[in-house]
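J.: my questions are about this predicted structure, shown below with the sequence.
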Protein chains: 2
Amino acid sequence: MAEWLFDLFDEGPMIKQEFKRIPRHIGVIPDGNRRWAVSNGMDKSEGYHYGLSPGFKLYELCVELGIQELTLYGFTVDNTKRPTVQKKAFQKACVDAVKELANRDAELLVVGNTESPNFPVELLPYTRRVKFGDGKIKVNFLVNYGWEWDLKQKDGPASKDISRIDLIIRWGGRRRLSGFLPIQSVYADIFVLEELWPDFQTAHFYRALEWYQSQDITLGG
Amino acid sequence: MAEWLFDLFDEGPMIKQEFKRIPRHIGVIPDGNRRWAVSNGMDKSEGYHYGLSPGFKLYELCVELGIQELTLYGFTVDNTKRPTVQKKAFQKACVDAVKELANRDAELLVVGNTESPNFPVELLPYTRRVKFGDGKIKVNFLVNYGWEWDLKQKDGPASKDISRIDLIIRWGGRRRLSGFLPIQSVYADIFVLEELWPDFQTAHFYRALEWYQSQDITLGG
């Protein structure tokens, strides 16, 4: 197990919560890595590495609760305009995440523009869904994703194998979608946490789920 | 002036606020008409009528502040599955709103699926932008709008004459887009008010603008 995963259980035993209504598909916008790095005296680019462990904590919680599908916003075409040192750092973080996920149970699909040098070649094998271990949960990972790129494909959206999202959880306080899967997000309930992504705690996730179960489902009706 | 407009100035003189950054284009999701009606001892269908006056209050404030474009969510294809009495009520409210707007200054564009009996024929002339009075502000009105319908057109989105939205304000407490212009909303900051739309107050709008000016603009970068 990678060293950065040792803190997976650092919050001690959790009292498991019961939820009467669990989302089928959760989308995650893990924002705030750079702000977290700066506020911890690091270079902005160093923040992304600290976003890996939270991702796996969240993954474990989703498997435990029986969430069927989880979509994570890796990085976007827009993001690649950032300084090279940052770009390399978030690309590496995405590759590291997939390497680690390969040791778990998941059905992984990476969605993003592969016709660009910004797409990490190590992730090309996963642009068709690949099963790791016992599967258990669909994990979609947006890597060099762009909403315009997604929607302008000839045979329907590039993200057509990603289903409608029930709940979007965004860390880092911004109340917006930032180009995250426009079609799958049309009816999603959106929960924003002020806390920065590297400061992830299980309690944040439970807070989002508690809020979600109090929402009605209308699908626009 | 229609009777329901008499309360336009019922809040007395406002102290005008200065904003250092004003959105160019505001989207509005005026939710909560039915809940408001029920909580005021009325039939659900009666709520829509009470959503008209708030719309004009908001319009006046936007003109005053120099907002360039305002998009209002009238009703959707999904909404037309509701009971007929409700459907007729929100259709009528949309027609009444346009009749009244015709006496003001605006460049009106109605966007929605006209190839359906649910689209009010009275609004057909406005599916191309029409100038009322001195123009001053672009007003887009979504009537029998559907996000799938919007995106599946051959020559680009049906809503292609509606520009990118900077700020979406939703009344009624739901934290979701409910199919509202998926493409124009990709980078929008989303502000949700717990208050129901017929309880609109100028202060709600100012609260949204105050929050908006504290947000950074990244356009996904």
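T.: Structure received.
J.: next up, the contacts around A:F141.
T.: Remark: with contacts taken as CB atoms under 8 Å, 6 or more residues apart in numbering or on different chains, A:F141 is in contact with A:71-72, A:74, A:94, A:97-98, A:108-111, A:126. Heads up, the C-betas are built off the backbone N, CA and C, glycines and all.
J.: is the residue positioned nearest the centre of chain A in a bridge, and if so with what?
T.: By CA atoms, centre = their mean, the mean C-alpha position of chain A lies nearest to A:L72, the distance being 1.8 Å. Beta-bridge partners for A:L72, by DSSP bridges, are A:V28, A:F141.
J.: most neighbours, which of the contacts of A:F141?
T.: Counting by other CB atoms under 10 Å in any protein chain shown, A:G74 has the largest number of neighbours within these, with 28 neighbours.
J.: what distance do you get for that residue to chain B?
T.: 13 Å (CB to the nearest CB, to the nearest Å).
J.: those helices in chain A, which residues are they?
T.: When secondary structure is read from DSSP state H, chain A shows helices at A:33-39, A:52-65, A:84-101, A:147-151, A:202-213.
J.: chain B: which of those is closest?
T.: Proximity to chain B, assessed across these by CB to the nearest CB, is greatest for helix A:147-151 (5.3 Å).
J.: for A:C94, which residues are in contact?
T.: So, once contact is read as CB under 8 Å, 6+ apart, A:C94 ends up touching A:74-75, A:120, A:123, A:141, A:143.
J.: quick check: residues of chain A near chain B?
T.: Where proximity means CB under 8 Å from any CB of the partner chain, the interface of chain A facing chain B comprises A:76, A:78-79, A:81-82, A:147, A:151, A:174-179, A:182-183, A:185-192, A:215, A:218-221.
J.: filter those down to the ones in strands?
T.: With DSSP state E as the criterion, strands contain A:76, A:189-192 from among these.
J.: columns pLDDT on top of the residues you listed, output as JSON lines?
T.: JSON lines is the format used below for these (pLDDT from 0 to 100):
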{"residue": "A:T76", "pLDDT": "97"}
{"residue": "A:D189", "pLDDT": "98"}
{"residue": "A:I190", "pLDDT": "98"}
{"residue": "A:F191", "pLDDT": "98"}
{"residue": "A:V192", "pLDDT": "98"}
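J.: A:E46 is nearest to which of the helices of chain A?
T.: With distances scored as CB to CB, the stretch of those nearest to A:E46 is helix A:33-39 (4.9 Å).
J.: pLDDT of that closest one, averaged?
T.: Computed over helix A:33-39, the mean pLDDT rounds to 97.
J.: which of the residues in it are classified as buried?
T.: Applying a neighbour-count criterion of 16 or more other CB atoms under 10 Å in any protein chain shown, one finds A:33-37 buried in helix A:33-39.
J.: return the distance of that helix from the chain's centre.
T.: Here helix A:33-39 is found 18 Å from its chain centre; the criterion is CA atoms, centre = their mean, to the nearest Å.
J.: residues in contact with it?
T.: Counting by CB under 8 Å, 6+ apart, the neighbours of helix A:33-39 from elsewhere in the structure are A:43-48, A:50-51, A:86, A:90, A:172, A:196-199.
J.: mind redoing it with 6 Å?
T.: Contacts of helix A:33-39 with the rest of the structure, by CB atoms under 6 Å, 6 or more residues apart in numbering or on different chains, involve A:44, A:46-48, A:51, A:196-198.
J.: list just the nearest of these to B:C62.
T.: Among the contacts of helix A:33-39, A:L196 lies closest to B:C62 (CB to CB), at 34.2 Å.
J.: from A:L193, how far off is the closest residue to the closest one other than its chain neighbours?
T.: Nearest residue to A:L196 in three dimensions, chain neighbours excluded: A:G32, at 3.1 Å (CB to CB, 6 or more residues apart in numbering or on different chains). The gap separating A:G32 from A:L193 is 9 Å, by CB to CB, to the nearest Å.
J.: of the two, who's got more company?
T.: Using other CB under 10 Å as the criterion, A:G32 and A:L193 rank with A:G32 on top: 24 against 20.
J.: which ones are touching the more buried one?
T.: Listed by CB under 6 Å, 6+ apart, the contact set of A:G32 reads A:171-172, A:196-197.
J.: A:G179 is in contact with B:A188, isn't it?
T.: No. Between A:G179 and B:A188 there is no contact, the gap being 10.6 Å when judged by CB atoms under 6 Å.
J.: specify the beta-bridge partners of the residue nearest to A:D161 when sequence neighbours are not counted.
T.: Counting by CB to CB, 6+ apart, the nearest residue to A:D161 once its immediate chain neighbours are dropped is A:L109, at 6.0 Å. For A:L109, the beta-bridge partners under DSSP bridges are A:N140.
J.: for A:L109, give me the pLDDT.
T.: Confidence for A:L109, expressed as pLDDT, is 98.
J.: I figured it was touching A:K138, is that so?
T.: No. Look at A:L109 against A:K138 with CB under 6 Å: they stay out of range, at 7.1 Å.
J.: quick one on the thing from earlier: what is the nearest of the contacts of A:C94 to B:W211?
T.: For the contacts of A:C94, the residue nearest B:W211 by CB to CB is A:F75; the value is 27.1 Å.
J.: run a quick neighbour tally on the closest one.
T.: 23.
J.: mind checking how far the residue nearest to A:R174 when sequence neighbours are not counted is from chain B?
T.: Sequence neighbours aside, A:D31 is the residue nearest to A:R174 in space, at 6.0 Å (criterion: CB to CB, 6+ apart). A:D31 sits 10 Å away from chain B when distances are taken as CB to the nearest CB.
J.: could you check how far A:D31 is from A:K138?
T.: 22 Å.
J.: dump the buried residues of helix A:33-39 to JSON lines, plus distance to B:I22.
T.: Converted to JSON lines, the buried residues of helix A:33-39 look like this (distance: CB to CB, whole Å):
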{"residue": "A:N33", "distance to B:I22": "30"}
{"residue": "A:R34", "distance to B:I22": "27"}
{"residue": "A:R35", "distance to B:I22": "26"}
{"residue": "A:W36", "distance to B:I22": "31"}
{"residue": "A:A37", "distance to B:I22": "32"}
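J.: which among those residues gets closest to A:H25?
T.: Minimum separation from A:H25 among the buried residues of helix A:33-39 (CB to CB) is found for A:N33, which lies at 23.6 Å.
J.: how about the contacts made by the closest residue to the closest one other than its chain neighbours?
T.: Nearest residue to A:N33, sequence neighbours excluded (CB to CB, 6+ apart): A:G47, at 3.5 Å. Applying CB under 6 Å, 6+ apart, we find A:G47 in contact with A:33-34, A:36-37.
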